[in-house]
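Enquirer: following is a predicted model, sequence given first.
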Amino acid sequence: MKDLRQYLGKEAVIPVVRRGEDLPAALDTRASCLFLVAGDITTIKRDVQLIRERGKACFLYVDFIEGLGSDRATVRYLAREVRPTGLVTLKNHLLKYAKGEGLLAIQNLFLLDSQAIKTGLTSTRKYAPDGLEILPGIMPRVIREIVALVSIPVIAGGLLEKEEDIQAAFQAGAAAVAVGRKDLWPVADRVEGVRSS
């Protein structure tokens, strides 16, 4: 049985690759895993293979990759042909399909208001994802509250603009931060370097 924690360690900075041309820079970090948003159905198999060859875990933001559906057949195709480590999705039914295919499943939870948090945590209990990415990730108080309520790794993502934002998310209990800003990816080298020492 896979456990998301084995890919994250104590604290992880996860580069979020939004453009194909940024993949080499993400591969050059010490990050243990990447979130892939870039590409489409014709490029993701190659990109996932490159990521795996570099010894990194790859999670696909399945909702944002062009040409992918949101059904069981899509998840089956991804699991059997593309072979990422897991999927990140807003769609609860895809969490269930991913787990059924042996992929790790990370649920996106947009923290719009207190009702969104309540509804999101209810679906977390129902669908039992392997991890929870909360967006935006710049709310330490809310991160702390959610970490106290769930037993799965919490990943802070979105609106992390400075290294201080990353540190605040870790101090609030986030297991990882997902960072789309390429200029912050070198933080992964410092965090991973400290962890492996």
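Expert: The structure has been received and is ready for your questions.
Enquirer: host element of Q107?
Expert: Element membership for Q107, per DSSP states H and E: strand 104-110.
Enquirer: what mean pLDDT does that strand get?
Expert: Averaging pLDDT along strand 104-110 gives 97.
Enquirer: show me what that strand is packed up against.
Expert: Packing contacts for strand 104-110, counted by 3 or more Cβ pairs under 8 Å, 6 or more residues apart in numbering; DSSP states H and E, involve strand 86-89, helix 92-100, helix 114-127, strand 131-135. Just so you know, the C-beta spots here come from the backbone N, C-alpha and C atoms, and that holds for glycine as well.
Enquirer: tell me the buried residues in the helix or strand following the last one?
Expert: Think strand 131-135. Following strand 131-135 in sequence order, the next helix or strand is helix 140-149 (DSSP H and E). Buried residues in helix 140-149, counting neighbours by 16 or more other Cβ atoms under 10 Å, are found at 140, 142-144, 146-147.
Enquirer: tilt between helix 140-149 and strand 104-110?
Expert: Note on geometry: by axes from the mean of the first three to the mean of the last three Cα atoms, to 10 degrees, helix 140-149 and strand 104-110 are set 140 degrees apart in direction.
Enquirer: so where is this protein shaky, pLDDT-wise?
Expert: 1, 191-197 (pLDDT under 70).
Enquirer: list the contacts for the closest residue to G86 other than its chain neighbours?
Expert: Nearest residue to G86, sequence neighbours excluded (Cβ to Cβ, 6 or more residues apart in numbering): L104, at 3.0 Å. Taking Cβ atoms under 8 Å, 6 or more residues apart in numbering as the criterion, L104 is in contact with 2, 4, 7, 59, 85-87, 98, 130-131.
Enquirer: repeat the analysis, applying 10 Å as the threshold.
Expert: By Cβ atoms under 10 Å, 6 or more residues apart in numbering, the contact list for L104 reads 2-4, 6-7, 33, 57, 59, 84-88, 98, 129-131.
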